[in-house]
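> Sequence and predicted model, in that order:
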Amino acid sequence: MIETLLLQLRDAAQHSVAFESASRSWSFSGFLTDAGKIAHALKNVRDCGCSIVGIKCKNYYHHWVLIFALDRLGLASASFQNDLGPSFQTYLNVIQPDFFLSDHALITDIKHYVVGETWFAEVLSQENNNTTYYESRDFCRIGVAAGTGSVPQKIGLRRPDIERNISQIIKSDILSLSEKSRKEQFNVLCCIGIDILAGYQIGLSALAAGCCIKIFDPVQIGLIIARHEPTAIVVSPLHLEYVINSISPLSVAQDNLEIIVVGGRLPVELERKTKEKLSKKIYTLYGTEEAGIIAVKKYDHHSEHKSAGSIVPWMDVQIVDGQNVVLPAQTEGQVRIKGNTVIRGYLGTVENKNNQFQEGWFYPGDLGFITHNKEIFITGRIDELVTFGGDKFDLRILDEICKNFENIEDSCVFPVPDENGVLMPWIAIICYKEIDGASLSRKMHERYENLPPITLIWVDRIPYRDDGSPDRQFLTQGIMNSR
């Protein structure tokens, strides 16, 4: 069980604070007591033959309690978004849970049980928490990989997979959490959703290291930072922009803050503002849901801006050509990865059907090169995936939505950096009649609800390359030159 693993790692910190909100806190031992009571109340879920149980619970603490309760019952958990939007439906289609625990009633054919605030209050007020511990039948955790291909894929993690990931996150240069927590209480404020495997594993790593996970509302971020407590803030570039804008204009960098950026490279202007207003201790992680952490970059006077970081010791990373021939240092090619945290393949796909997994190697779809000192630079993609603010989007799908919209003759979606350097979506369109821009935006957000606000421009023609693909770089450069 994951609980047993964390008890071994947390050791003497079992009675220290594990979760803290604005109104109360929970010790790790108290958290496990709550998980036992919930597991006892949900024992019938196991008896009905379920193997994968979906969770939709807005209360962050209750969500973690449900994860640990299901783990006690030997059932795999899968966390879902709080809003019933397109992402929720995508996760539902990919994961296909046997049963669902939700904080309110769902309109679905899947068997589900409502575990709202009233239900939790009633169960947790009881004394009985005698739960039979069951070993997992197979996977402990189910998630979705959506950042390395245009089609979301189902991923399963077993206990050994989770144990290796936790151990290596704790031992990595940026999250030496076990050392920090022995000196004083170290807080982790994670803005990455628990429905994403990275958010789940960072949370587990914080708990394993004896740290306190801060439960916060977005409007409270500034207040948490103002306390000047030792804290690691885990964010995407877009989250970081929000944090910078939410704190006082008079804020200055703190020595006890660490900023950990996932989901994209940190633009120069956003880096400058972060060092000025939050902290000079900034790290970025290059990784995937399929592999975990691949490289870590520390932002100091030695770091090269375009670098994705130094490859972590436990990963074997190579650059290959189209025939899988390994290329020498400083030569651009396709990235492939091998290591003990790399999954063997996606669930529900025929073996070897997905060419991202070949002979023990995982191909994330990135292009790049490696220097002689094992620093990796990501230069592009083999497909049309692009990162806007920390999430990845398929530009070809966005193009098709625009082209099929009423009165648009042709269009092209392309990235343009905002004032902080964070890439945002712009759309060049050819149309000779009036269009409803708000309606087009809604249409695109029906497909990608996390898509940042779009900017429309009208053009006379869409530039195309010789291979027939739109020249997005030409459009981006045109906007940059006009500023």
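Nice, I can see it. Numbering: from 1, shown residues only.
> Would you mind giving the domain segments of this protein?
2-215, 261-381, 385-482 (automatic domain parsing).
> Could you save these as CSV and add columns showing distance to Ile224, mean pLDDT and mean neighbour count?
Glycine gets a C-beta too; all of them are placed from N, C-alpha and C. Formatted as CSV, the domains of the chain follow (distance: least, C-beta to C-beta, whole Å; pLDDT from 0 to 100; neighbours: other C-beta atoms under 10 Å):
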stretch, distance to Ile224, mean pLDDT, mean neighbour count
domain 2-215, 6, 87, 19
domain 261-381, 12, 90, 17
domain 385-482, 20, 92, 16
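> of those, which approaches Ala232 most closely?
Nearest of those to Ala232, taken as C-beta to C-beta: domain 2-215 at 5.1 Å.
> Regarding that closest one, how distant is the last residue from the first?
Terminal residues of domain 2-215 are spaced 21 Å apart (C-alpha to C-alpha, to the nearest Å).
> Tell me where the stretch 201-350 of the chain has helices.
Applying DSSP state H, counting those that start in this stretch to the stretch 201-350 of the chain gives helices spanning 221-226, 237-246, 268-277.
> will you turn these into JSON lines that also has distance to Glu3?
JSON lines is the format used below for the helices of the stretch 201-350 of the chain (distance: least, C-beta to C-beta, whole Å):
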{"stretch": "helix 221-226", "distance to Glu3": "28"}
{"stretch": "helix 237-246", "distance to Glu3": "29"}
{"stretch": "helix 268-277", "distance to Glu3": "36"}
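> Can you say which of the ones you listed is nearest to Ile162?
helix 237-246 (24.4 Å).
> which helices and strands sit right next to that closest one?
helix 221-226, strand 257-262, helix 268-277 (3 or more C-beta pairs under 8 Å, 6 or more residues apart in numbering; DSSP states H and E).
> The same query, at a cut-off of 10 Å, please.
For helix 237-246, the packing partners by 3 or more C-beta pairs under 10 Å, 6 or more residues apart in numbering; DSSP states H and E come out as helix 221-226, strand 231-235, strand 257-262, helix 268-277, strand 385-388, strand 423-431.
> residues of the first one that come out buried?
Buried positions in helix 221-226, judged by neighbour count with 16 or more other C-beta atoms under 10 Å: 221, 224-225.
> From the chain's centre, how far out is it? Work that out for me.
Relative to the centre of its chain, helix 221-226 is centred 22 Å away, using C-alpha atoms, centre = their mean, to the nearest Å.
> Let me see the residues that make contact with it.
20, 22, 187, 189, 191, 214, 216-217, 231, 233, 235, 239, 242-243, 245-248, 251, 254, 257, 277-279 (C-beta atoms under 10 Å, 6 or more residues apart in numbering).
> could you give the mean pLDDT of it?
For helix 221-226, the mean per-residue pLDDT is 82.
> can I get the CA coordinates of it in PDB?
Written as PDB, here are the backbone C-alpha positions of helix 221-226 (Å, rounded to 0.1, in the frame of the first residue of the first chain):
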ATOM      1  CA  ILE A 221      -1.800  32.900  -2.600                       C
ATOM      2  CA  GLY A 222      -0.600  36.400  -1.800                       C
ATOM      3  CA  LEU A 223      -1.400  35.900   1.900                       C
ATOM      4  CA  ILE A 224       0.500  32.600   2.100                       C
ATOM      5  CA  ILE A 225       3.600  34.200   0.400                       C
ATOM      6  CA  ALA A 226       3.300  37.200   2.800                       C
END
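> out of the helices of the stretch 201-350 of the chain, nearest to Gln168?
Closest to Gln168 of these is helix 237-246 (C-beta to C-beta; 23.4 Å).
> and the closest one with strand 423-431, angle?
110 degrees (axes from the mean of the first three to the mean of the last three C-alpha atoms, to 10 degrees).
> what angle separates helix 237-246 from helix 268-277?
Going by the same axes, to 10 degrees, helix 237-246 makes 40 degrees with helix 268-277.
> buried stuff in helix 237-246?
In helix 237-246, the ones that count as buried by 16+ other C-beta under 10 Å are 237-241, 243-244.
> Can you lay out the residues you listed as a markdown table showing pLDDT?
Listed next are those as a markdown table, based on pLDDT from 0 to 100:
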| residue | pLDDT |
| --- | --- |
| Pro237 | 91 |
| Leu238 | 88 |
| His239 | 90 |
| Leu240 | 92 |
| Glu241 | 91 |
| Val243 | 90 |
| Ile244 | 91 |
